[in-house]
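1. can you look at this prediction? I've put the sequence above it.
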Amino acid sequence: MIRVPPGRSGRLWLRRRLAAATRATTLLEQKLRTLREEHRRLSLRAQHTGAQWAEHVADAETWGLRAALAGGERGLRLATTTDLATVTITWTTSMGVTYPVEATYEPPHRPPGITVIGGGALVRAEQVYRTALESAVRHATVLEALRVVEHEITTTRQRVRALNRRWIPQLRQATTDLELALEEQERAEGLTRRRAQRRTKEVTP
C-alpha cells in the first residue's frame, strides 16, 4: 500500500514519484536492451572458445598418451613442476555490471638447472597442454562474464516487471483516487463558501 501525504501536497508527491518511476522504467529498459546485446555477443564467443577448448583438450590427451608410451610415467613425472600457473583477469564495467573481459595465462616456471630429457612426443605434449590450458582460461572467462550478464538480465527484467505491473499502476490509481477526493473536497468547500456568502448577505442590513 502507498502511503500518500494528505491533501494537495499528496498530489505533488504522487506526480513526482510517478515521473521518477517512469524514468526508471525507461532507463532499465535501455539497460536491458544493452545487456541482451552483450549476452548475444558473449554467447557467440562462448561457443567459439568452447569449441577451441574441446579441440585443444583432445589434442593434449592424444599427445599426453604418446608421451606416456614413449617415455613412461617416470618421464612424465620428471617433466612436471610443482610451480603453479598464473592467471591475470581484466575486468570491465558496463551499465553498472562488472564482469571479466580478458584473461592472460602464464605457465608454471621450471626451476633453474632442471632439464627435461625426453623425446619429441614429450616436448609436443608440453606445448599442447599449455595451449589447452590457455583455451580453458579464455573459455572460463567468457562463461563467467556470460553468467554475470545473465544474472543481471534476470534482475533487471524483474525490476521492470515490478515497476510496470505493480508500482506504476499503484501510483496511477492512487493519483486518480486522490484527484477524485480533492475534487469532492473542492466542491464541498465551494458549497460551504457560497452558503456562507448567502448568509452574510441575508444578515447584512
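-> Done, it's in. Every value quoted in this text rests on a predicted model; they were computed, and no experiment measured them.
2. which residues sit in contact with residue 137?
-> Residues counted as contacts of residue 137 (Cβ atoms under 8 Å, 6 or more residues apart in numbering) are 87, 103-105. For the C-beta atoms, the positions are set from N, CA and C on the backbone; glycine is no exception.
3. please settle this for me: is it part of a helix?
-> Yes: judged by DSSP: H, G, I helix; E, B strand; the rest coil, residue 137 forms part of a helix.
4. check it and give its pLDDT.
-> Note for residue 137: predicted pLDDT of 95.
5. just the pLDDT at residue 63, thanks.
-> Reading off the model, residue 63 has pLDDT 90.
6. and the one 10 residues further on, by the same measure?
-> What the model reports as pLDDT for residue 73 is 71.
7. let me have the contacts of residue 137 in CSV, extended by pLDDT.
-> Putting the contacts of residue 137 into CSV (pLDDT from 0 to 100) gives the following:
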residue, pLDDT
87, 92
103, 93
104, 90
105, 87
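8. mind putting these into TSV with distance to residue 157, secondary structure and neighbour count?
-> Formatted as TSV, those follow (distance: Cβ to Cβ, whole Å; DSSP: H, G, I helix; E, B strand; the rest coil; neighbours: other Cβ atoms under 10 Å):
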residue	distance to residue 157	secondary structure	neighbour count
87	32	strand	15
103	29	strand	18
104	34	strand	13
105	35	strand	16
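9. by contact count, what packs against the longest helix seen in the chain?
-> Longest helix of the chain, by residue count under DSSP state H: helix 8-79. Contacts defined by 3 or more Cβ pairs under 8 Å, 6 or more residues apart in numbering; DSSP states H and E place helix 8-79 against helix 120-162, helix 168-203.
10. give me the angle between the longest one and helix 8-79.
-> Taking axes from the mean of the first three to the mean of the last three Cα atoms, to 10 degrees, helix 120-162 and helix 8-79 form an angle of 170 degrees between their directions.
11. most centrally placed residue in this structure?
-> Nearest to the mean C-alpha position of the chain, by Cα atoms, centre = their mean, lies residue 152 at 2.9 Å.
12. contacts only, for that one.
-> 35, 95, 97.
13. what of residue 18?
-> With Cβ under 8 Å, 6+ apart, residue 18 has these contacts: 168, 171-172, 175.
14. tabulate the residues you listed (a markdown table), appending distance to residue 119 and neighbour count.
-> Listed next are the contacts of residue 18 as a markdown table, based on distance: Cβ to Cβ, whole Å; neighbours: other Cβ atoms under 10 Å:
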| residue | distance to residue 119 | neighbour count |
| --- | --- | --- |
| 168 | 72 | 17 |
| 171 | 76 | 22 |
| 172 | 78 | 13 |
| 175 | 82 | 19 |
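15. tell me the mean pLDDT for stretch 192-205?
-> For stretch 192-205, the per-residue pLDDT averages 64.
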